[in-house]
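[1] all I have is the shape, not the residue letters:
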């Protein structure tokens, strides 16, 4: 007698699920269809949220339209699972005939969705992950990156360390591909002695092992790539151990996504980036003001690059006169000029990765008590990534 | 009606990709394929769990093993079904044999945790395979073909997976009903009595684990083909948890319940997310309620089975 | 040498934190035969409640008290609403139901407090650090944590061994039916055990909040570690949980510190940089497998009648 409710419930749930999965908007004649892929659950959800918010604000700036055309935006959560991302993205490509896929946050998701998106003719724009895989020989016309190539931000700290005369540096990163890429990026510019190259498990909560070694080795500086919760723990424990006198260089460890939790512990620490909230240009000032007013938190680079992506798409769709002619659209994306929040030095490289300035920034407290990174000096001007020469696209 | 449920399920899965969904045909094909993949994995777990009473919290390891069997062969330009499946099944079976031999010395929650431990080793081990992308994963060059036919390409995938699912289901049903299955189920209920009768429960349970592992590796190979991507993330411990959920929700021991459980979980994950970002707030309590009120799971088998 | 001492201290501190979480888990499992996967969420709730109350009242100690009490109340509510109906169900059903609770509560936390990680300031009294060795300062807070953990462990040991309630708990772990037959209100006993377990987990959550990043899902990995602890220690035994927790804490900490260096001795630098952390992550599982291979029921299993 319990079968009936059980079977009914199954049928209801299944129907709901199918109905939900098939929810699509009616196809308009000329509409820009965009799928936004980001990690919206799990520990990294705050980064995906930044991407989504930044992109949404960017589209808002042109009244919800891109290039004068109405937009239909579907946001999907990749759950940091490559197979889930592929299934959902392919659903968007085949069901909704998406023109653009914007995202994701993480490189392994990007690698999984690259083939389905580019083979379907849609344009894949990554506002965060910039692996070297597609920057050189495997560059692809349908693929754009609007953030940076993964080696570049880390090279900033390397160059700064080299130019500052540091002789001995301690390196630390999580044990995954991006961590290894980060330390490789640092070493490409720093020619001094690497006291230790430490890779920690991704689930680390406690850094006492490395902190004790740093205290014993007394390096001239420490370079860390520790995103998210890892960075929060490292920074707090580093400060608590009294090591703040050793300069702390980093990438994505003390940025606006982790600063609220790190607070005073991060003050004065350095980071390398191609964008900071205090960059002095009109587009950026407008962006930061609008973002804080709408979302009530200070944007980090994840939001800024996503915003730039929307502005780029707006200018390109306008120049190409729509999304129907894909080669024309791609050409527009590669060449159009728009007001980037990164200023006038920003342009798209011939391998579809950006050419932009990189800065050394430092953590500071605003008059209103919130924390942000502030630009201190320019380290690279109009920097091209090291793989661009191998790309034979144009 | 209850007896017809398995056949209705298979009929639904067979027909669903061919109904006139219009421009959503691709989405449906993908969903059906994904349900079939996880149904194979869930049935293989149900064989171990429902019949054998072996609660493995590390079953997703076989998805990774199957995935990397495909990846390694693909890197060497081998994509024929015979070799790929043979490699996946062999790798899965060997791993099950080695780890099962150790795990079966323990009982209860200890067994659960040691299977988790072995799965974690596979997960971290696959992530350290630099030659195959490490934790970034491996993009498949070509999908697996059978005798030159592209049976796993986009259009044919749901049908091929359906055939494999049916074969898995029939095999497991036959096993459970056979003498082997009866000894296995008896060992789950009363180990001492089975031993007193002269059987060695250990070898029956180990056999169940090996078969379960081999079948799940096949599911892993299918998953890799569908997403054209192999990744250690397929074996993360929450995935093993998902597989357990599918089996328990569907009704442990019913075999076809595992298919229903897989369908519900896959559809919830793909579909509910489009309604609200906070779908877990609905799904979580739904799971709790289903346990409290639907004893025996979706398959509708009330009370203790067999 | 001093490095070793620091790592041992850290290992003991991690172990005591794990003990606080595992104690509740093993009691509930031992006495009530109930697998509570939602125990990790109790820990997370404790941390979030601590952050919330600290923001409201501005005082760490008051926040600690309020958070523990609230965590206990939430635990009791969960017990009454959901868990009570699952005691006589199979372990599998308990796994499924408590998994649903995890999903719901993780999401609820995300809805209420957002996805971005939060921070909890340390209490002024304990926010200093002392010079353990020249050049390395060790936070006073961590030492206080060790002290608190030992106090609670001692208190639990006393309560379980020297009080009437403790005797009933030990009896219940061995033979709940007999205890009930002897006229003890087994329902009240279960509720007490559950409440104590929930409060311990919440207490651990608040204590670790100033040290780690407070984010949704922070309890999930610790839950796995806690299960490893009770498996190694033997289900239902407080003493076993204590020994196993310290062991796991030491192995994990010392392992992470030393494995890569040990690998250096055998492999090349780049190979050991890859293999070392992978092994470090697997180390506690390897230890667990080793323990189970020698003693399949754990180190100090509570004898079940």
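    Thanks, I have it. Everything quoted here is computed from the prediction, not taken from an experiment.

[2] please, which helix or strand holds the most centrally placed residue in chain A?
    Residue closest to the mean C-alpha point of chain A, counted by CA atoms, centre = their mean, is residue A:128 at 2.4 Å. Of the helices and strands defined by DSSP states H and E, none includes residue A:128.

[3] then residue A:315?
    helix A:301-320.

[4] next structured bit after that helix?
    Taking DSSP H and E, what comes next after helix A:301-320 is helix A:326-335.

[5] what does the average pLDDT come to for that following helix?
    Helix A:326-335 carries an average pLDDT of 94.

[6] for it, packing partners?
    strand A:123-126, helix A:301-320, strand A:347-348 (3 or more CB pairs under 8 Å, 6 or more residues apart in numbering or on different chains; DSSP states H and E). Bear in mind the C-beta positions are built from the backbone N, C-alpha and C, glycine included.

[7] residues contacting residue B:151?
    Going by CB atoms under 8 Å, 6 or more residues apart in numbering or on different chains, residue B:151 touches B:81, B:144-145, B:160.

[8] now the residues you listed as TSV including secondary structure?
    Listed next are these as TSV, based on DSSP: H, G, I helix; E, B strand; the rest coil:
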residue	secondary structure
B:81	helix
B:144	coil
B:145	strand
B:160	helix
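
[9] any of those residues buried? List them.
    Buried members of the contacts of residue B:151, counted by 16 or more other CB atoms under 10 Å in any protein chain shown: B:81, B:144, B:160.

[10] quick one: name the residues of chain A near chain C.
    Proximity of chain A to chain C is confined to A:42-43, A:45-46, A:49, A:175, A:197-206, A:208-209, A:211-213, A:215-216, A:218, A:228-229, A:232-233, A:236-237, A:240-242, A:257-258, A:260-263, A:297 under the rule CB under 8 Å from any CB of the partner chain.

[11] quick one on the thing from earlier: the helices and strands packed on helix A:326-335: which one's closest to residue B:238?
    helix A:301-320 (24.0 Å; CB to CB).

[12] next, the angle helix A:326-335 makes with the closest one.
    If you take axes from the mean of the first three to the mean of the last three CA atoms, to 10 degrees, helix A:301-320 sits at 130 degrees to helix A:326-335.

[13] helix A:301-320 - contacts with which helices or strands?
    Here helix A:301-320 touches strand A:32-38, helix A:45-60, strand A:65-66, strand A:100-102, strand A:123-126, helix A:282-295, helix A:326-335, going by 3+ CB pairs under 8 Å, 6+ apart.

[14] ok, which of the helices and strands packed on helix A:326-335 comes nearest residue C:166?
    Across the helices and strands packed on helix A:326-335 (criterion: CB to CB), the nearest stretch is helix A:301-320, sitting at 52.0 Å.

[15] give me the pLDDT value at residue C:115.
    Here, the pLDDT recorded for residue C:115 equals 86.

[16] isn't it up against residue A:46?
    Yes. The criterion here is CB atoms under 8 Å, and residue C:115 meets it with residue A:46 at 4.3 Å.

[17] who's more crowded, the two?
    residue A:46 (25 against 21; other CB atoms under 10 Å in any protein chain shown).

[18] quick check: the more buried one vs residue C:259, distance?
    Residue A:46 sits 31 Å away from residue C:259 when distances are taken as CB to CB, to the nearest Å.

[19] check residue B:2 too.
    54 Å.

[20] those two: which is more packed in?
    Set residue B:2 next to residue C:259 and count neighbours by other CB under 10 Å: residue C:259 wins out with 20 against 13.

[21] got the contact list for that one?
    Residue C:259 neighbours (CB under 8 Å, 6+ apart): C:276-277, C:279-280, C:283.

[22] next structured bit after the helix or strand where it lies?
    Counting by DSSP H and E, the element that carries residue C:259 is helix C:238-266. Sequence-wise, the next helix or strand downstream of helix C:238-266 (DSSP H and E) is helix C:269-294.

[23] who does that following helix touch, helix- and strand-wise?
    Looks like helix C:269-294 contacts strand A:193-200, helix B:81-103, helix B:108-127, helix C:218-233, helix C:238-266 (3+ CB pairs under 8 Å, 6+ apart).

[24] pLDDT on the last one, on average?
    Confidence over helix C:238-266 (mean pLDDT, whole number) is 86.

[25] kindly calculate the angle that that helix makes with helix C:269-294.
    150 degrees.

[26] once you drop chain neighbours, what's closest to the residue in the stretch 251-394 of chain A positioned nearest to chain B?
    The nearest approach of the stretch 251-394 of chain A to chain B comes at residue A:295, 15.2 Å away (CB to the nearest CB). Leaving aside its sequence neighbours, residue A:295 sits nearest to residue A:53 (CB to CB, 6 or more residues apart in numbering or on different chains; 5.2 Å).

[27] burial of that neighbour, as a residue count?
    19.

[28] I figured it was touching residue A:300, is that so?
    No. With contact defined as CB under 8 Å, residue A:53 does not reach residue A:300; the gap is 10.5 Å.
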